[in-house]
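1. pasting the structure only:
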């Protein structure tokens, strides 16, 4: 007897409600449950089975959410979507960054002779995004008329809002954007052998104006990013 093929389930993670609310609203036949304080919504997104969750802000919340998706829902890949700060000078509010790789810029064992950002559990600094899934996402963003840039995204448990810190992330890691969750999701995916795609719409420019720009533009940026994710699955 031929064994039936397991249905692929895509995990989709955002940190805050504006990043996931549209995606959740597009789920058909959805069911929800709460695990470790995070509510997971499972249903049909276009032609694809998906589980969508708002993890909360920061690397620990993101890692808990991603690992729960792996263990409880058996996801075959994870998309981490949301907003972020622009580092590359070509980026403007609402533009899209598709990660080629993720780093955790706040991991620092340089006193022991390690390079900045070294993840000792993996013995690497950069964690690569899946090129096939990322390329599809980039093409979808471009099809929607959004200026799209591919490059390294730097994650850390801090809101970047000064020029000096922004320049450090570019200098040390070649980062084109920054945020607070993608690197943690990348580590979970790396440890579990799962494909990963990290997408960010620019809500601010990671400078001294970010404290005012972020609340002013987060909804706009999140809406654009949700359109890209839903479009990926025809939802």
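-> Thanks, I have it. The structure presented is a predicted model; accordingly, all values stated were derived computationally and were not measured.

2. tell me the bridge partners for the residue lying closest to residue 73 once chain neighbours are set aside.
-> Nearest non-adjacent residue to residue 73, counting by Cβ to Cβ, 6 or more residues apart in numbering: residue 51, 4.8 Å away. Where you see a C-beta, it was placed from the backbone N, CA and C, and this is true even at glycine. According to DSSP bridges, the residues that bridge with residue 51 are residue 11, residue 42.

3. you'd agree residue 51 is up against residue 13?
-> No - the criterion here is Cβ atoms under 8 Å, and residue 51 misses it with residue 13 at 9.3 Å.

4. intersection of neighbour lists for the two?
-> Shared contacts of residue 51 and residue 13 (Cβ atoms under 8 Å, 6 or more residues apart in numbering): residue 69.

5. from the chain's centroid, how far away is the helix ranked longest in the chain?
-> The longest helix of the chain (DSSP state H) is helix 210-232. Centroid displacement of helix 210-232 relative to its chain, using Cα atoms, centre = their mean, to the nearest Å, is 13 Å.

6. equivalent analysis for stretch 168-183, please.
-> Relative to the chain's own centre, stretch 168-183 is displaced by 13 Å; criterion: Cα atoms, centre = their mean.

7. then stretch 196-216?
-> With Cα atoms, centre = their mean, you get 13 Å for stretch 196-216.

8. likewise for stretch 72-79?
-> 14 Å.

9. which of the residues in that stretch are buried?
-> For stretch 72-79, the neighbour count (16 or more other Cβ atoms under 10 Å) marks 73, 75, 77, 78, 79 as buried.

10. report the rounded mean pLDDT for it.
-> When pLDDT is averaged over stretch 72-79, the result is 97.

11. go on, stretch 164-178?
-> pLDDT averaged over stretch 164-178 gives 97.

12. where do the strands sit along this structure?
-> Taking DSSP state E, the strands of the chain run over residues 9-14, 28-35, 38-45, 48-54, 77-80, 83-86, 96-104, 127-128, 148-155, 175-179, 196-204.

13. what about the residue nearest to residue 73, how many residues nearby?
-> Residue 51 has 26 neighbouring residues, counting by other Cβ atoms under 10 Å.

14. which non-adjacent residue is nearest residue 224?
-> residue 201 (4.9 Å).

15. how many other residues sit next to the one you found?
-> Around residue 201 there are 29 other residues, counting by other Cβ under 10 Å.

16. beta partners of the residue nearest to the spatial centre of the chain?
-> With distances taken as Cα atoms, centre = their mean, the residue of the chain nearest its centroid is residue 80 (2.9 Å). For residue 80, the beta-bridge partners are residue 13, residue 198 (DSSP bridges).

17. confirm for me that it is in contact with residue 187.
-> No - Residue 80 lies out of contact with residue 187 (Cβ under 8 Å); the separation is 11.5 Å.

18. how many neighbours does residue 170 have?
-> Neighbours of residue 170 using other Cβ under 10 Å come to 17.

19. thinking again about what came up before, do you know which of the strands of the chain lies nearest residue 69?
-> Ranking the strands of the chain by distance to residue 69, with Cβ to Cβ as the measure, places strand 9-14 first at 4.0 Å.

20. other residues contacting that closest one?
-> Residues contacting strand 9-14 (Cβ under 8 Å, 6+ apart): 20, 23, 42, 45, 48-55, 62, 65-66, 69-70, 73-82, 181, 185, 222, 229, 233.

21. ok, residue 200 touching residue 182?
-> Yes - Residue 200 is within contact range of residue 182, at 7.4 Å (criterion: Cβ under 8 Å).
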